[in-house]
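Peer 1: Structure of the sequence below:
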Amino acid sequence: MTFFSNEKQVSRQHHATCSNPKRGKRMKSSPARKELQASGEPSSTLTRLTAILLLIGTIAVPTLLILHDMLGIDEDSGALAFPAYQRHPISVFLTYYALMATGVLFVLLGPLVYRMYIHLQTPLRLLVLICMVVAGSTQMIAASRWLIVLPYFSHIYTNPQTDAATHAALDVAYQGTSYFLGLTIGEFFYNIFSGLWSVFLAVMLLRSSHRNVWFHWIGIIGGVGIMLGSFEQIFVNTAPGSIFLSLLTVGHVAWVIWLVGIAIALLVNKPSVLQREPQSMVQEPVDLSTERQ
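Peer 2: Prediction:
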């Protein structure tokens, strides 16, 4: 019975292949297709897009923050910030609009990084996605306040008909907005979540590759430095505040070096070389085409 059953199965398989040549071609090409799907390597387009956006965002953040300091926008006093805005309205608007766009950029980078490292079966990938989206959102919200609050308050404050009581009220409202949206959300929470996704990504890459291990330690140092430096806002104008500010500066420098290095490596090298992972972190494909004997 077994012999005749196998013979009938082979006969039906041969008849189906002969009656439908396209099906036969699909059956012949399926092993190569399965091998391509099992590899899980990202496409070159995805790799280049992620690298370019990462390079732009990494360079833009410190550059725009330096430009912000050069414009002289004081976040603690509206009496100083409003006249400064009136002197450079276009420059201030473009700077904060670019900062908001950078936040949007990192929100978009979260899913791209998640997709690019989809072959790594680790929960760190999801944590990188969540923290990167939250960090980009906080930066976007914090920068948008200057596009709305600062021009509106500045126009009223510099009006010659505005009295002293209105000046004082605008100054208090500006400081409250600055402390809540700027120092709390824009700096404290932004630095916390930026440091977190940097540490998670560095640890994930550190575990997935045995090459250039020391380089990913730069990312860990940068992420930890940014997280610790976020407490500079709590200890501002005190002795520990200068220490946390130094940690924040060192963390940002290491963060920029590490991310620029990753972006350049993704652009120069092949994805298969950069993302060689140990077998313990890769989900083994299951072969469902085995015939029962």
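
Peer 1: Only C-alpha atoms from now on, for both contacts and neighbour counts.
Peer 2: Fine.

Peer 1: can you map out the helices along the stretch 51-200 of the chain?
Peer 2: For the stretch 51-200 of the chain, the helices defined by DSSP state H, counting those that start in this stretch occupy 78-87, 89-116, 124-157, 164-177, 190-208.

Peer 1: quick one: buried residues of the first one?
Peer 2: For helix 78-87, a neighbour-count test (16 or more other C-alpha atoms under 10 Å) marks Gly78, Ala79, Ala81, Phe82, Pro83, Ala84, Tyr85 as buried.

Peer 1: which stretches of the stretch 51-200 of the chain have low pLDDT?
Peer 2: 74-75 (pLDDT under 70).

Peer 1: ok, 50 please
Peer 2: For the stretch 51-200 of the chain, no stretch is flagged by pLDDT under 50.

Peer 1: Figure out which of the helices of the stretch 51-200 of the chain is closest to Phe215.
Peer 2: Distance to Phe215, taken as C-alpha to C-alpha, is lowest for helix 190-208 among the helices of the stretch 51-200 of the chain, at 8.8 Å.

Peer 1: the inter-axis angle of that closest one versus helix 124-157?
Peer 2: Helix 190-208 and helix 124-157 are oriented at 160 degrees to each other (axes from the mean of the first three to the mean of the last three C-alpha atoms, to 10 degrees).

Peer 1: which helices and strands does helix 190-208 pack with?
Peer 2: helix 124-157, helix 213-229 (3 or more C-alpha pairs under 8 Å, 6 or more residues apart in numbering; DSSP states H and E).

Peer 1: Distance check, the closest residue to Leu126 other than its chain neighbours against Leu127.
Peer 2: Of all residues not flanking Leu126 in the chain, Tyr114 sits nearest, at 6.9 Å (C-alpha to C-alpha, 6 or more residues apart in numbering). As judged by C-alpha to C-alpha, to the nearest Å, Tyr114 and Leu127 stand 9 Å apart.

Peer 1: just Asn269 next, same as before
Peer 2: When Asn269 is compared with Leu127 (using C-alpha to C-alpha), they lie 26 Å apart.

Peer 1: ok, now Ile262?
Peer 2: Distance check for Ile262 against Leu127: by C-alpha to C-alpha, it reads 19 Å.

Peer 1: Repeat that for Val172.
Peer 2: From Val172 across to Leu127, the span is 38 Å (C-alpha to C-alpha).

Peer 1: How many residues are close by Gly251?
Peer 2: 24 (other C-alpha atoms under 10 Å).

Peer 1: same deal with Val260?
Peer 2: Using other C-alpha under 10 Å, Val260 has 20 other residues around it.

Peer 1: thought it was touching Thr58?
Peer 2: Yes - between Val260 and Thr58 there is a contact under C-alpha atoms under 8 Å: 6.9 Å.
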